[in-house]
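A.B. asks: mind looking at a prediction? Sequence and model below.
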Amino acid sequence: MTLDDNPLHFVHLDIPHLTLTGNADPRFFLAGSLCAAFSHGITTPIDVVKTKIQSDPQKFNGLGVVEASQTIVEDDGVGILIKGLAPTVVGYGLEGAAKFGLYESLKPEIAKLLNLDTPTIPFIIASVVAGGVASIILCPLERTRIRLLTDPDFSKYNLLTGIPRLVEESGVVGLFYGLPAMLSKQCPYTLGKQVTYDVFCRMLYSFVNDPNIASTKIEVSFVAACCASVVACVLSHPGDVILTETYKGKNNPSTSPSFSQTVRTIYNDRQGIKGFYSALPARLIQVGGIIVSQLLLYDFIKQSLGLPATGSS
């Protein structure tokens, strides 16, 4: 098989719109922002349940997602299920713009720079860089969201008042407290989601007679998104547990445990490796919903803006 016969070959290098815009096409950023804000926003109730389980595993020990949800509503009222909606939508809207936009923009540049016969390594490098930048953007908003859910004294705040309160407590630098934990979640998540989706789309399109049929594009996107959701969830779940442990309650950046100490605490207190996968069923539902809806919406918006469906060209 030659490189040109390989369905994973990065043919996007020759797409005219990438050449004309210097590979930083704003349509990728817009599509990424809209799909991420929507998909994370509609799954906020599931994220609330997942975060509650992770932050207090003893209380919810042995409870399924439905039972845990009932307990949370009984304790805090039904309104708790949309607590943190604003920082979720704003944070992931910005994060999605950076993650998708940078990933799509960096792929051809890294491929040209490394001059490799396979696109796999450029895909991985682009996803890690995009995930790192997205982590920096998301840090203040994710810290606000988790604090709203795990600290009763902080629940009176919202997005607009919560961030200034955090600055008041620990300064601007404190907003980025927990960045190592955020990176441990977002980089594997971005790699698992976007690289897997990219690769599976290309593989599936290699078996399709006419990739321009609308129904075919939807089917390819759906199957690839389902595969990506499982991979992304499994790869990033330990980082998600670490992030919740880092940000929960009234943790003060100046006195809180380091990243390595947090990892050791989870390992020692939660039955070893098993502790890094607490609330995994809830997150599989959440991440599955997020990724499938997000990637389908992303490709729909891309095509509406004149861009090709992922892996179709």
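C.D. replies: Arrived safely, thanks for sending. Numbering: from 1, shown residues only.
A.B. asks: all contacts plus neighbour counts: C-alpha atoms, from now on.
C.D. replies: Fine.
A.B. asks: what's the neighbour count on the closest residue to Phe154 other than its chain neighbours?
C.D. replies: The shortest distance from Phe154 to any non-neighbouring residue, by Cα to Cα, 6 or more residues apart in numbering, is to Leu148 (5.6 Å). Burial of Leu148 is recorded as 24 neighbouring residues (other Cα atoms under 10 Å).
A.B. asks: SS state for Leu148?
C.D. replies: helix (DSSP: H, G, I helix; E, B strand; the rest coil).
A.B. asks: same question, Phe207
C.D. replies: Once three-state DSSP is applied, Phe207 turns out coil.
A.B. asks: quick revisit: just checking, the residue nearest to Phe154 touches Ser155?
C.D. replies: Yes: counting by Cα atoms under 8 Å, Ser155 is a contact partner of Leu148 at 4.9 Å.
A.B. asks: so the residue nearest to Phe154 versus Phe38, what's the distance?
C.D. replies: According to Cα to Cα, to the nearest Å, Leu148 and Phe38 sit 20 Å apart.
A.B. asks: so who does Ser55 touch?
C.D. replies: With contacts defined as Cα atoms under 8 Å, 6 or more residues apart in numbering, the neighbours of Ser55 are Thr150, Thr244, Glu245, Lys248.
A.B. asks: mind running it again at 7 Å?
C.D. replies: Going by Cα atoms under 7 Å, 6 or more residues apart in numbering, Ser55 touches Thr244, Glu245, Lys248.
A.B. asks: give me the number of residues near Ser260?
C.D. replies: Using other Cα under 10 Å, Ser260 has 11 other residues around it.
A.B. asks: pLDDT at it, what is it?
C.D. replies: Ser260 is assigned a pLDDT of 88 by the prediction.
A.B. asks: separation between it and Pro180?
C.D. replies: Ser260 is 10 Å from Pro180, where distance means Cα to Cα.
A.B. asks: now do Phe276
C.D. replies: The gap separating Phe276 from Pro180 is 16 Å, by Cα to Cα.
A.B. asks: cool, and Ile82?
C.D. replies: Using Cα to Cα, one gets 27 Å for the distance from Ile82 to Pro180.
A.B. asks: what count of nearby residues applies to the residue lying closest to Pro180 once chain neighbours are set aside?
C.D. replies: Nearest residue to Pro180, sequence neighbours excluded (Cα to Cα, 6+ apart): Phe259, at 6.7 Å. Residues lying near Phe259 (other Cα under 10 Å) number 17.
A.B. asks: where does the prediction get shaky in the stretch 1-150 of the chain?
C.D. replies: 1-23 (pLDDT under 70).
A.B. asks: the helices in it, which residues?
C.D. replies: 16-20, 26-42, 44-55, 65-76, 85-114, 120-150 (DSSP state H, counting those that start in this stretch).
A.B. asks: out of those, the one nearest Ile291 is which?
C.D. replies: Closest approach to Ile291 among those (Cα to Cα): helix 26-42, 7.4 Å.
A.B. asks: by contact count, what packs against the closest one?
C.D. replies: For helix 26-42, the packing partners by 3 or more Cα pairs under 7 Å, 6 or more residues apart in numbering; DSSP states H and E come out as helix 85-114, helix 280-304.
A.B. asks: next, the angle from the shortest one to helix 44-55.
C.D. replies: This means helix 280-304. When axes from the mean of the first three to the mean of the last three Cα atoms, to 10 degrees is applied, the directions of helix 280-304 and helix 44-55 differ by 140 degrees.
A.B. asks: what does the longest one give?
C.D. replies: Here helix 85-114 points in a direction 90 degrees away from that of helix 44-55 (the same axes, to 10 degrees).
A.B. asks: as JSON lines, the helices of the stretch 1-150 of the chain with distance to Val223 would be great.
C.D. replies: Output for the helices of the stretch 1-150 of the chain, formatted as JSON lines (distance: least, Cα to Cα, whole Å):
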{"stretch": "helix 16-20", "distance to Val223": "27"}
{"stretch": "helix 26-42", "distance to Val223": "17"}
{"stretch": "helix 44-55", "distance to Val223": "23"}
{"stretch": "helix 65-76", "distance to Val223": "25"}
{"stretch": "helix 85-114", "distance to Val223": "19"}
{"stretch": "helix 120-150", "distance to Val223": "20"}
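A.B. asks: which one of those helices lies nearest to His237?
C.D. replies: Between His237 and the helices of the stretch 1-150 of the chain, the shortest separation by Cα to Cα is 10.8 Å, and it involves helix 44-55.
A.B. asks: what is the orientation angle of that closest one with helix 26-42?
C.D. replies: Using the same axes, to 10 degrees: helix 44-55 against helix 26-42 is 70 degrees.
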